[in-house]
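sequence-free structure coming up:
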């Protein structure tokens, strides 16, 4: 149990910092809804959708490659890996961003960006370079399990971003350029914070044979990463192809156009940020953990037990959020204005679907262990590629029929397919103990919770606090009643979140 608590503590540090950082960034979205129109939000969403795609190309998969190769390397080889990965990414990102900036005007036309906003692409090009310079240093912190420093740098970057947004938008009235300039400065500050590490770790020139080794491991992750980004972002891109006649049929009398509907969808996806946080914090701690624990004699049983605990945690967090979301966004703030302006509220109905897609992603993250440990990362390309086909076809056919829900259900179907495929393949390469007799009731419990949350957000005005809290109480109690989480297991896990040690005899019984 001590190993699970170690994973939980690292996850908690990553998770708390991510939650705090993401929550602070999330607070910018209510701010944006009060200073930008839904159409402005759509413009911002289109450009911000491009950045994750390009991040995958810029990074060459070197963060995962460095983690995998450095864990078994001696100090000299590890420094060579660091320098080769860092300088290769630095050169590649500069070349890519120069090309990206040169294409600003045709990209603006292609993405329906109104004239006068082409400068946003220049800011994005600079952000991409600076963020890429931080990839290997952040991976090095994860390797050294310096979760606290990792968290501090991430949080510091967010604070700079927020301060920049407030200054550039409220003080200088820069409009949409404000968020991009704030992000550019924050990325530069984070890169500057890594200078001591770079002087220490990146003093060597890139070694061609080391770069080749990194590329052999990392490049197969690029297509799979691109497919993953397609699966995450396709809805926002396909929304721009919906015809006005379909918008008027689906949302009669609302006065929506493509940019307005895209803005509503983008904010709704951001409201599912908590699901993204769960996936992110788990990925950051999980990958180093299973690589270090793979040779433990009870590793298959250990990894299966962690999956069960994590799914219960996801259920508790996600269903509680779904039960309260419409009430939270309506909380009045200064001048009695709600946190999110009512113009964006129609998107709340799809947030349960967004959270479900993230829950499926969390399952996928867990089962990457088989492919990583067997060094079969090339198979991620085909698995994520199958998911990309599902999401592209789904968005193409479903958005004109179902609008916002079409894009959301396409994402859910995509990650369901990926989850099934990666589970089958991972279990063939490195089987873990799933114990389906306990897993099936757990999945049924999760399905019931999501059904409840979806009903609440589909007709929020019809369900008061009493039924919501009563249902939540039953939902929270069921894992104990069904034997999915035993009281002894729960007590053994608590010290990970309270910073205390559990008695050896208690741990030994788990």
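The structure has been received and is ready for your questions. Fair warning: this is a prediction, and the values are worked out from it, not measured in the lab. Residues are numbered from 1 along each chain as shown.

Can you pull out the low-pLDDT segments for the stretch 201-350 of the chain?
Where the stretch 201-350 of the chain drops to pLDDT under 70, the residues are 334-335.

how about the helices in it?
Using DSSP state H, counting those that start in this stretch, the helices of the stretch 201-350 of the chain run over residues 208-218, 221-238, 244-250, 258-271, 273-293, 299-329.

Would you reformat those helices as CSV and include distance to residue 360 and mean neighbour count?
C-beta: built from backbone N, CA, C; applies to glycine. Listed next are the helices of the stretch 201-350 of the chain as CSV, based on distance: least, Cβ to Cβ, whole Å; neighbours: other Cβ atoms under 10 Å:
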stretch, distance to residue 360, mean neighbour count
helix 208-218, 25, 17
helix 221-238, 10, 22
helix 244-250, 26, 15
helix 258-271, 15, 24
helix 273-293, 10, 21
helix 299-329, 10, 19
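
Identify whichever of those lies nearest to residue 148.
Nearest to residue 148 among the helices of the stretch 201-350 of the chain is helix 273-293; the distance by Cβ to Cβ comes to 12.8 Å.

circling back: reformat the helices of the stretch 201-350 of the chain as a markdown table; add distance to residue 405.
As requested, the helices of the stretch 201-350 of the chain are exported to a markdown table (distance: least, Cβ to Cβ, whole Å):
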| stretch | distance to residue 405 |
| --- | --- |
| helix 208-218 | 36 |
| helix 221-238 | 10 |
| helix 244-250 | 9 |
| helix 258-271 | 10 |
| helix 273-293 | 17 |
| helix 299-329 | 15 |
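
Quick one, which of those gets closest to residue 84.
Short answer: helix 208-218, nearest of the helices of the stretch 201-350 of the chain by Cβ to Cβ, at 4.1 Å.

Could you list every helix and strand in contact with that closest one?
Packing partners of helix 208-218 (3 or more Cβ pairs under 8 Å, 6 or more residues apart in numbering; DSSP states H and E): helix 62-70, helix 75-102.

what angle do that helix and helix 221-238 make?
Comparing the axes of helix 208-218 and helix 221-238 via axes from the mean of the first three to the mean of the last three Cα atoms, to 10 degrees yields an angle of 50 degrees.

List of residues touching helix 208-218?
59-62, 64-66, 68-69, 80-81, 84-85, 88, 375, 377 (Cβ atoms under 8 Å, 6 or more residues apart in numbering).

What subset of the residues you listed is buried?
59-62, 64-66, 68-69, 80-81, 84-85, 88, 377 (16 or more other Cβ atoms under 10 Å).

Among those residues, which pair sits farthest apart?
80 and 377 (21.4 Å).

hang on, isn't residue 414 packed against residue 233?
No: with contacts defined as Cβ atoms under 8 Å, residue 414 does not count as touching residue 233, sitting 11.4 Å away.

Could you pull up the residues touching residue 176?
36, 40, 43-44, 117, 120.

Residue 291: which of those is nearest?
Closest approach between these and residue 291, by Cβ to Cβ: residue 44, at 37.6 Å.

Tell me the secondary structure at the closest one.
helix (DSSP: H, G, I helix; E, B strand; the rest coil).

What does the pLDDT read for the closest residue to it other than its chain neighbours?
In space, and not counting its chain neighbours, residue 44 is closest to residue 176: 6.0 Å by Cβ to Cβ, 6 or more residues apart in numbering. pLDDT recorded at residue 176 is 89.

Would you list the phi and psi of residue 176?
Main-chain dihedrals, residue 176, degrees, to the nearest 10: phi -60, psi -20.

Let me know the distance separating it from residue 120.
Remark: distance between residue 176 and residue 120 (Cβ to Cβ, to the nearest Å) = 6 Å.

okay, and the common contacts of the two?
In contact with both residue 176 and residue 120: residue 43, using Cβ under 8 Å, 6+ apart.

Residue 259 touches residue 42, doesn't it?
Yes: between residue 259 and residue 42 there is a contact at 3.8 Å, judged by Cβ under 8 Å.

Could you measure from the residue nearest to residue 44 over to residue 211?
Residue 176 is 38 Å from residue 211, where distance means Cβ to Cβ.

do residue 197 as well
To residue 211, residue 197 is 20 Å away according to Cβ to Cβ.

likewise residue 445?
Distance, residue 445 to residue 211, by Cβ to Cβ: 48 Å.

cool, residue 192 as well?
With Cβ to Cβ as the criterion, residue 192 and residue 211 are 25 Å apart.

Also residue 415?
Taking Cβ to Cβ, one finds residue 415 at 33 Å from residue 211.

again with residue 314
The gap separating residue 314 from residue 211 is 38 Å, by Cβ to Cβ.

What of residue 418?
Note on residue 418: its distance to residue 211, by Cβ to Cβ, is 30 Å.

still on that earlier bit, name the nearest of the buried ones among the contacts of helix 208-218 relative to residue 183.
residue 59 (17.4 Å).

so what's the closest one up against?
89, 132, 135, 218, 225.

wait, the second one sits on residue 54?
In this case it means residue 132. No: applying Cβ under 8 Å as the test, residue 132 and residue 54 come out as separate, 9.4 Å apart.

Just want to know which of the two has more residues nearby.
With neighbours defined as other Cβ atoms under 10 Å, residue 132 and residue 54 compare such that residue 132 has more, 26 against 21.

who's in contact with the more buried one?
Shown in contact with residue 132 (Cβ under 8 Å, 6+ apart): 55, 58-59, 89-90, 92-93.

and which of those is nearest residue 368?
residue 59 (16.8 Å).

what is the mean pLDDT for the helix or strand hosting residue 448?
Element membership for residue 448, per DSSP states H and E: helix 436-458. For helix 436-458, mean pLDDT is 94.

Same question for stretch 85-100.
On average, stretch 85-100 scores 92.

So what touches that stretch?
Taking Cβ under 8 Å, 6+ apart as the rule, stretch 85-100 contacts 54, 57-60, 62, 65-66, 121, 124-126, 128-129, 132-133, 135-137, 198, 201-202, 205-206, 211, 214.

cool, and stretch 470-482?
Outside stretch 470-482, the residues touching it (Cβ under 8 Å, 6+ apart) are 312, 315-316, 319-320, 323, 441-442, 445, 448-449, 452, 484-487, 490.
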